[in-house]
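1. mind looking at a prediction? Sequence and model below.
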Amino acid sequence: MPSLPAREAAAPLFAQDVLQARAAPGRTVTPMPPARALFLDRDGVVNIDRHYVHRVEDFEFVDGIFDLCARARALGYRLVVVTNQAGIARGYYGEADFQRLTQWMLGVFEARGTPIDRVYHCPYHPTAGLGAYRRESFDRKPNPGMLLRARDELGLDLAASAFIGDKDSDMAAGRAAGVGRLIRLLTPDDEAAAPQAADVTKVASLAEAAALLEPDDLPLRQSSPIRAD
Ligand SMILES: [Mg+2]
């Protein structure tokens, strides 16, 4: 009986081989890369921040948001919106208003070919909230609760993920959760020379942020599929 070819005898068993062996004959299994996400703050990143936006007519998309999301999806990022909604706590609008606006927003992203995977919101405020909405919340940025829930529910690798926000509290939430790339979109109110944490990259536009998502720019674990060769 002839001995096995050298490669087969000596080669260690790779995950790819295991997956192929389990596949039905003639089928190819592509391993799932570790999931990573692009987290987006909403007000000031997805839409222009007009303070407590809760109606479609006041919701104006930030320039470049659809191109950014399309690029992120092409690079394998899941898209996750994480938004503090203290307007609900303050009684300026209700959960139903927020959900109605969110459904409309999701429909627009869908129609543009860049569906959003998940939206998380925190309706609480520790001091200005009314009734049951007046409380501390682990979800309220700068706390990392929404990001950690997304990690658990979507199986995300946060170190390989990125977060674009327009406030220090966004960056603090991302930092606390261990998000690998923190991107701060400068607002007109920002002093150009304002001190900034060393782990935050400042950008003046979402186009600039999109360029930071390129794999070559990420000093992070790569999420390319396991290679057979
Ligand atoms: Mg914001």
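-> All right, it came through fine. Residues are numbered from 1 along each chain as shown.
2. tell me who's in contact with the spatially closest residue to residue 138 that is not a sequence neighbour.
-> Nearest residue to residue 138 in three dimensions, chain neighbours excluded: residue 145, at 3.7 Å (C-beta to C-beta, 6 or more residues apart in numbering). No exception for glycine: its C-beta is placed from N, CA and C like everyone else's. By C-beta atoms under 8 Å, 6 or more residues apart in numbering, the residues touching residue 145 are 122, 137, 138, 139.
3. ok, residue 51 next?
-> Contacts of residue 51 by C-beta under 8 Å, 6+ apart are residue 43.
4. which SSE is the most centrally placed residue in the chain in?
-> Residue closest to the mean C-alpha point of the chain, counted by C-alpha atoms, centre = their mean, is residue 39 at 2.0 Å. Following DSSP states H and E, one finds residue 39 within strand 36-40.
5. follow-up on the earlier one: just flag the most distant two among the contacts of residue 145.
-> By the measure C-beta to C-beta, 122 and 138 form the most distant pair in these, at 8.9 Å.
6. pLDDT score assigned to residue 90?
-> Each residue has a pLDDT score; the one for residue 90 is 98.
7. how about the contacts made by it?
-> Contacts of residue 90 by C-beta under 8 Å, 6+ apart are 52, 125, 128, 129, 130, 133.
8. by neighbours, which of the residues you listed wins?
-> residue 125 (21 neighbours; other C-beta atoms under 10 Å).
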